[in-house]
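J.: Take a look and give me a structure for this.
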Amino acid sequence: MRTARGAVVLVTGTALMLGLLSGCGSGGHEAGKRAVSSPSTRSSSAPPPPIPSASETAKPEEKWDGKVRILGDGSTSYTGPQPLQPKPVKLKPGEKPPQFVVFSWDGALQGDDEQFSHFREVARENNAQMTFFLTGAYLLPRSKASKYRPPQHKRGEMAISYATDQHIRDTLEQLRGAWLEGNEIGTHFNGHFCGAKGGGDWSVAEWKSEIEQSYSFVENWKTNTGYKDLPPLPFDYRKELAGGRAPCLEGQENLLKAAKSLGWRYDASSPGDFQIWPSKIDGIWNFPLQLVPYPGTEQQVLSMDYNFLYNQSGDNTKGDPAKYEQWRKLTRDSYLNGFERAYNGSRAPLFIGNHFEDWNGGIYMKAVEDVVKSVCTRDGVRCVTFKQLADWLDAQDPRVLEKMRQLDPAQSPDWKSLVK
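T.: Coordinates of the predicted model:
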């Protein structure tokens, strides 16, 4: 890990945070605290990752005969290539890269607060598309819980609650609309287990089982729910699913081995890194949460809502209401600090992770909405999905990308000499 100004403190789990003055953190947002690990740094002189081969970056053109095909029990269908997808274009000599920003949502449930539909609207109004990491078991009714066989846990067990029948119906509606608007439907897997017997303890075979069940719950929701009155989802999940984010950011090593066998394009489960251009791990793009500067301090915090929550009110999701507006501004300004640093510097993509939660009065969702409205309509900015970013990266000259990876976040190079 490249160091900016001295030592950093690393905390594991979803609440992983790095800072110079102190370190604090927690495990997954449902799973309680995790231990602090030893300080971890990586010199910028570390050997660069290997340049991907042409075979790794090639993407065959999808052909469609114009016929809609209903799949399986009618839960999904193939309706052709996804609409509203930008065509990835290789940088021209001397061209400055776009400033990519990816907003992603873990869980992707349409609950009573209707945040899924709200952020679809926010995206439409601000020239943005987003990645929604669906928890597959949110499409499984509690009455059919025994169909879920989580690794190392009892049949039907989950660390989160099953969705209500109405929430399942509402979520299906949002998944349909989101995909048709060009957004990505990724996966947040199923049971959201963290810590002992969670993803970090799972074997490759156990990850494959969890992934296969993620497919199954999407592909068989009609059978599992009995909702015959609803139309199928307009996509073939086997074709569309290109990556995900593991609960609590645990277990990436074995997850990647399982994902590679399925042809996934990327993974967003890394516990975090500095804001630099992405690289691949064994042929899969690694899209980590990123360190962004926390206003008024020398600290940086990972770009996910739970990390800001923990930094501001610890494990308490209902902190002091008198501080809500201050905390919202600090969160928004942290994201904007990370954005401005890259936008005026290396142009490395910015990754922001979120949950549809009302922590501290919903200020973290409001902060993200502030950022979407501030950045997505600016010149040279493209608010895209992880899948679209992977497409763009695969279209670039690997040698140019390797040069871009050597840039510090705030370093603005001479693009005419770098992009050749």
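J.: helix or strand right after the lengthiest strand in the chain?
T.: Of all the segments assigned as strand in the chain under DSSP state E, the longest by residue count is strand 99-107. Counting by DSSP states H and E, the next helix or strand C-terminal to strand 99-107 is helix 115-125.
J.: what inclination does that next one have with respect to strand 99-107?
T.: Interaxial angle of helix 115-125 relative to strand 99-107 (axes from the mean of the first three to the mean of the last three Cα atoms, to 10 degrees): 160 degrees.
J.: same for helix 115-125, what does it pack against?
T.: strand 99-107, helix 165-180, helix 359-375 (3 or more Cβ pairs under 8 Å, 6 or more residues apart in numbering; DSSP states H and E). Placement of C-beta: from N, CA and C, glycine included.
J.: Of those, which stretch is the most buried?
T.: Each of these was scored by mean neighbour count; the highest is strand 99-107, a mean of 25, by mean count of other Cβ atoms under 10 Å.
J.: neighbouring strands for that one, and are they parallel or not?
T.: Next to strand 99-107 in the sheet, as set by DSSP bridges, lie strand 131-134 (parallel), strand 350-355 (parallel), strand 381-384 (parallel).
J.: Dump the helices and strands packed on helix 115-125 into a markdown table; add distance to L291 as well.
T.: As requested, the helices and strands packed on helix 115-125 are exported to a markdown table (distance: least, Cβ to Cβ, whole Å):
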| stretch | distance to L291 |
| --- | --- |
| strand 99-107 | 16 |
| helix 165-180 | 29 |
| helix 359-375 | 16 |
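J.: Any idea which of these gets closest to K387?
T.: Nearest of these to K387, taken as Cβ to Cβ: strand 99-107 at 9.6 Å.
J.: quick one: that closest one to helix 165-180, angle?
T.: Using the same axes, to 10 degrees: strand 99-107 against helix 165-180 is 160 degrees.
J.: picking up where we left off before, tell me which of the helices and strands packed on helix 115-125 sits nearest to P398.
T.: Judging those by Cβ to Cβ, what sits closest to P398 is strand 99-107, at 17.6 Å.
J.: what is the rounded mean pLDDT of that closest one?
T.: Averaged across strand 99-107, pLDDT comes to 98.
J.: what's the answer for stretch 277-293, then?
T.: 97.
J.: Give the buried residues for that stretch.
T.: Residues of stretch 277-293 classed as buried: 277-281, 283-293 (neighbour count, 16 or more other Cβ atoms under 10 Å).
J.: Which members of these are positioned in strands?
T.: S279, K280, I281, I284, W285, N286, L291, V292, P293.
J.: Please tell me I have it right and the last one contacts L336.
T.: By that I understand P293. No. With contacts counted by Cβ atoms under 8 Å, P293 stays clear of L336, the gap being 9.7 Å.
J.: now the strands paired with strand 99-107 in TSV, with mean neighbour count?
T.: Formatted as TSV, those follow (neighbours: other Cβ atoms under 10 Å):
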stretch	mean neighbour count
strand 131-134	28
strand 350-355	25
strand 381-384	22
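J.: ok, now which ones touch M365?
T.: Neighbouring residues of M365 by Cβ atoms under 8 Å, 6 or more residues apart in numbering: Q115, F119, D305, N354, F356, E357, D358.
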